[in-house]
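Visitor: let me see the structure of the following:
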Amino acid sequence: MSRNFCLYDRAARAGRTAVFILLAVVPLAGCAEKGDVSAQAAAGPGDFLVVMNRPNKLNLVDLKQRKVINTCDLPGDYGSGTVAMSPDNRTAYVLTNRFENIYGVDVDTCEIRFSARQSQGDERVKSIGSIAVSPDGKEVYTHQNPTRLLIDRYEVQDARVAVFDTSAGLEARPVRTFPAPRQITIMAVGKDGTLYMGGRDIYAMNMQTGATTVALASQSRNDPLESLRDSLTVWPVGDINNEMVRMYSAAQYKDASQDLASADWVWGFERVDLATGAVESKVFGPLEVVLFSGMARPSDPNQFYAVLTQLKKFDVAAQKQVKSVDLEHSYYCINFSTDGSEIYLAGTFNDIAVYDADTLEKLANIQLSGGDMSLANSRVFSRAL
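Guide: Numbers count the residues shown, from 1 in each chain. Here you go, the predicted model:
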C-alpha cells in the first residue's frame, strides 16, 4: 500500500469515526499499486486502456507495451465498474460500490478528485452502467433508479437523470435532476451536449431543460415484419468511433402472418453519430450464437465485430459473417485500438485478450492483478502520458 490512504465506505457504515476525521484533514486518494507512469512520459502519444476489476481496482494499461502501468484501489465495494473518461483522458469517472457511488480518479496519480454518494437517507439509488461526461468535462451524468427503504416496505420512485458538477469535490450532490425513462442501461453525450440514453428506445435529452425525445425507435417500432427487438446493453462501447452503438436481435417475418417458423433471425445494430446526432439501424448478420457487445472497426465501418464465447467479424453490406474464432473463455466487452488494427476483449475474468483485427489471430494477454472485471466496460484513448 502506498502512503495514500484507502478509505472504505464499509468503515463509515461501521461507525469508525476516525475515517470521518481523516476525510476532513487529508485529500482522499486511491492506493497506487504501480506508480511508474513517469518513466513512460518520454514515449509520446500512444494508445491506453482503462478498466475496472475486483476487488475495486482501476487499471491504466499501456497497449503498446501490453502491460498495466498504474493501478488505483478505490473505496467501497465493486460494481458495476462502468467508466467514462474526461475530455483530456486524465480523469476516469467510475460507477462503483454496488452501482451507487461515483468517483472521479486521476488515472496517473490515483488521486480521487470527485466523489458522490447517490444514495442518501432512506433512499437507495442504483445506476446500471449509465454514466457519461459532458463535452467540456464540467458535468457528469447518471441515470438513477431510486427506491425508498421504509420500515415495512420498499417504495420504487420515478427514474431520473442526475447532473453533478465535476468541480464539486468529495461530497458532490446533484445540481439538477430531470425525469427520465426507466430501464436505461447506457449513456453517451453528443458534441452539442445532448445526452443519449439506451433503454427500450434510444432517447435524447436536452441537459439544460430536461426535454426528452425518442432519437431512435427500437422496441416501439411496431414493424409488422419484425419481432420486438431484444437488446442486452450494459457495456457502453463505440466512443473510439465517436458513436453510441448497441446490438439487437430480432426475427424478420416473411409476411404479415408473422410465422416464426419461416422467419429469419438476425443480428443488427443501432447507432448514434455523436458528432452530428444522426441515427442508424441496420442488420449486419444472421443470429446463430449469443453475442454480448459489438462495434464497427474504426478504419472501416462496413466491418462489424462482436464477442462472447467467440470473436466474430461481419460484412455489414453483405449481412454475413466472414470470420470467427473460439475464445479461451467468455469476454463481454469489445474495443479497438485507435487505428483499428487491434481488438481488445475485456470483461468477465481478469485478463484482456489482444487480437489482430485482420486475421483474428491472438496476439497477447494482458493480465490484471486481482479478480474478475465482471460487467466492467473498457475505454481506449490516445494521449501523451
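Visitor: so T233 lies in a helix, does it not?
Guide: No: per DSSP: H, G, I helix; E, B strand; the rest coil, T233 lies outside any helix segment and is coil.
Visitor: so the closest residue in space to it that isn't next to it in sequence bridges to which residues?
Guide: Nearest residue to T233, sequence neighbours excluded (C-beta to C-beta, 6 or more residues apart in numbering): R246, at 4.2 Å. Yep, even glycine has a C-beta here, placed from its N, CA and C like the rest. For R246, the beta-bridge partners under DSSP bridges are E270.
Visitor: so who does the residue nearest the centre of the chain touch?
Guide: Nearest to the centroid of the C-alpha atoms of the chain, with distances taken as C-alpha atoms, centre = their mean, sits P236, at 3.7 Å. Shown in contact with P236 (C-beta atoms under 8 Å, 6 or more residues apart in numbering): T82, A84, G129, A132, I186, M187, A188, M244, N377.
Visitor: likewise for Q208?
Guide: Counting by C-beta under 8 Å, 6+ apart, Q208 touches G193.
Visitor: how does it look with 10 Å?
Guide: Each residue near Q208 by C-beta atoms under 10 Å, 6 or more residues apart in numbering is listed here: V163, R176, F178, G193.
Visitor: how many other residues sit next to the nearest residue to the third one once chain neighbours are set aside?
Guide: The reference is to F178. Spatial nearest neighbour of F178, chain neighbours left out: G210 (3.2 Å); criterion: C-beta to C-beta, 6+ apart. G210: 16 surrounding residues under other C-beta atoms under 10 Å.
Visitor: next up, the contacts around G210.
Guide: Applying C-beta under 10 Å, 6+ apart, the residues contacting G210 are R160, V161, V163, R176, T177, F178, P179, A180, L195.
Visitor: please apply the same query to R229.
Guide: Going by C-beta under 10 Å, 6+ apart, R229 touches 200-201, 217-221, 223, 247-251, 268, 270, 281.
Visitor: show me the two of those that sit farthest apart.
Guide: D201 and A251 (18.9 Å; C-beta to C-beta).
Visitor: out of the contacts of P236, which is nearest to D108?
Guide: Among these, A84 lies closest to D108 (C-beta to C-beta), at 17.1 Å.
Visitor: pretty sure R66 contacts I352?
Guide: Yes: assessed by C-beta atoms under 10 Å, R66 is found in contact with I352 at 8.8 Å.
Visitor: list residues touching both of these two?
Guide: Common neighbours of R66 and I352 (C-beta under 10 Å, 6+ apart) are A364, N365, I366, Q367.
Visitor: rewinding a little: so can I have JSON lines of the contacts of P236 showing pLDDT and secondary structure?
Guide: Converted to JSON lines, those look like this (pLDDT from 0 to 100; DSSP: H, G, I helix; E, B strand; the rest coil):
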{"residue": "T82", "pLDDT": "98", "secondary structure": "strand"}
{"residue": "A84", "pLDDT": "99", "secondary structure": "strand"}
{"residue": "G129", "pLDDT": "93", "secondary structure": "coil"}
{"residue": "A132", "pLDDT": "99", "secondary structure": "strand"}
{"residue": "I186", "pLDDT": "98", "secondary structure": "strand"}
{"residue": "M187", "pLDDT": "98", "secondary structure": "strand"}
{"residue": "A188", "pLDDT": "99", "secondary structure": "strand"}
{"residue": "M244", "pLDDT": "98", "secondary structure": "strand"}
{"residue": "N377", "pLDDT": "98", "secondary structure": "coil"}
